[in-house]
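Colleague: just coords:
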């Protein structure tokens, strides 16, 4: 494939990936995994409210649900908030948009750039035609479409990880090699700061630092790379220990209820997620072929280390991966890598296979892959509880800007985010929450069948109460 044609093709596919992810870009954060997106977006919105301070990120949840400790300042001490910082600074430059649209736009642009880098790597390591196929699959895979435009730090982190691997791949064996390794390390460090689990995507770096150089230089490059990517993350993890109330409990991520290697682990990760949700069943055919296709030496090291990283991630973070499907967004590049290799094997022809039949099967596999995956993924965009959006707008208009609210929604912070206030995403212990500053109670269970709402409505001033929601002023008794 001619170089210019290949580059044009990759750019077109990258633009396509950006275009399809604008689907519902202006919808409220009330879709699938809205609680995680709300927590991420809240950090950016609170930078706008309280001032930009990346060392003290804050979100809307003041409860003890996530850390086990009351969190009166709303500290959010997880990943370094670079994603939100870029979003806020971009928001200041772009008129007539919301912060949510800017954050989604940032995820979309990062994914589009990742598609470009991914296609380049695949073309360099396997074949240019395979690179085009892989970039196209990455661009239009329904699972990738949804999580490539979600308000999460993952797309930015994946982009930085792919930059790091690409720079290492292109490192020349010259006096400038050290500079290439340093640049790769900087992007790797950013990737881990934004999403520490990206370390599993960086597994091929273990091969790339030794590629086209002597063993001793490879060791030196590897040490430099490891130090650069590790130090910022270790500093950040040490820093956040000062704010234990803002660090979510995370032990369950590893092996919740002993799920690792049990039937549920295999079922949820390899049947429901990989086979059904991501590859629409029919994608397993090219994926399997891609796994067993004969590889060149360099390709084998890269591919197998990437596969090892993906498997290590699924094994080590067994609880998190079984509990949440968005955890598998991290390994989309690895899944697409082998799927694209399988499709490429179809298209180049296999000895003993009918050429027309191979092409036909490849087309059928792709169409069914896309259709069956989209059948489920389309529901991820749905807003199943529109009343929280309506109640949030009403509360935002009525309640003072600095007020704290109780917004019971089974511990889900999505409702809090819609109200645009800090507070508690569950009821109970109302007197304690009032003593901690709660001034208003907003609920989407407004009837007398909800005992808490009924009792509060009898004690305090009701600002609004209809068949969808109720807003109660806890500062004014009847």
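Modeller: Thanks, I have it. This structure is a prediction, so every number in the text was calculated from the model and none was measured.
Colleague: where in the chain is pLDDT low?
Modeller: The chain contains residues with pLDDT under 70 at 1, 172-175, 349-352.
Colleague: center of it - which residue?
Modeller: Centroid-nearest residue in the chain, with Cα atoms, centre = their mean: residue 154, separated by 3.6 Å.
Colleague: tell me how far that residue lies from residue 191.
Modeller: 10 Å (Cβ to Cβ, to the nearest Å). (C-beta placed from N, C-alpha, C; glycine too.)
Colleague: buried ones in the helix or strand hosting residue 39?
Modeller: If you go by DSSP states H and E, residue 39 is part of helix 34-50. Within helix 34-50, the residues that count as buried by 16 or more other Cβ atoms under 10 Å are 34-47.
Colleague: reformat the residues you listed as a markdown table; add distance to residue 472.
Modeller: Formatted as a markdown table, the buried residues of helix 34-50 follow (distance: Cβ to Cβ, whole Å):
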| residue | distance to residue 472 |
| --- | --- |
| 34 | 24 |
| 35 | 23 |
| 36 | 28 |
| 37 | 27 |
| 38 | 22 |
| 39 | 25 |
| 40 | 29 |
| 41 | 26 |
| 42 | 23 |
| 43 | 28 |
| 44 | 29 |
| 45 | 24 |
| 46 | 25 |
| 47 | 30 |
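Colleague: name the nearest of those relative to residue 90.
Modeller: Checking these against residue 90 with Cβ to Cβ, the nearest one is residue 44 at 10.0 Å.
Colleague: now that closest one. Nearest residue, chain neighbours left out?
Modeller: Excluding its sequence neighbours, the residue lying closest to residue 44 (Cβ to Cβ, 6 or more residues apart in numbering) is residue 84, at 3.8 Å.
Colleague: how much space between that neighbour and residue 282?
Modeller: For residue 84, the distance to residue 282 under the criterion Cβ to Cβ works out to 38 Å.
Colleague: what about these two, which has more around it?
Modeller: residue 84 (29 against 20; other Cβ atoms under 10 Å).
Colleague: now that one: how far from residue 201?
Modeller: For residue 84 relative to residue 201 (Cβ to Cβ), the value is 21 Å.
Colleague: likewise residue 440?
Modeller: 44 Å.
Colleague: higher neighbour count, those two?
Modeller: Using other Cβ under 10 Å, the more surrounded residue of residue 440 and residue 201 is residue 201, with 28 against 23.
Colleague: which of the helices or strands spans the residue lying closest to that one once chain neighbours are set aside?
Modeller: Of all residues not flanking residue 201 in the chain, residue 161 sits nearest, at 4.4 Å (Cβ to Cβ, 6+ apart). Counting by DSSP H and E, the element that carries residue 161 is helix 154-170.
Colleague: ditto for residue 309
Modeller: Assigned by DSSP H and E, residue 309 belongs to helix 297-316.
Colleague: cool, and residue 463?
Modeller: Assessed by DSSP H and E, residue 463 sits inside strand 460-465.
Colleague: what's the burial count for the closest residue to residue 194 other than its chain neighbours?
Modeller: The shortest distance from residue 194 to any non-neighbouring residue, by Cβ to Cβ, 6+ apart, is to residue 157 (4.0 Å). With neighbours defined by other Cβ under 10 Å, the count for residue 157 comes to 26.
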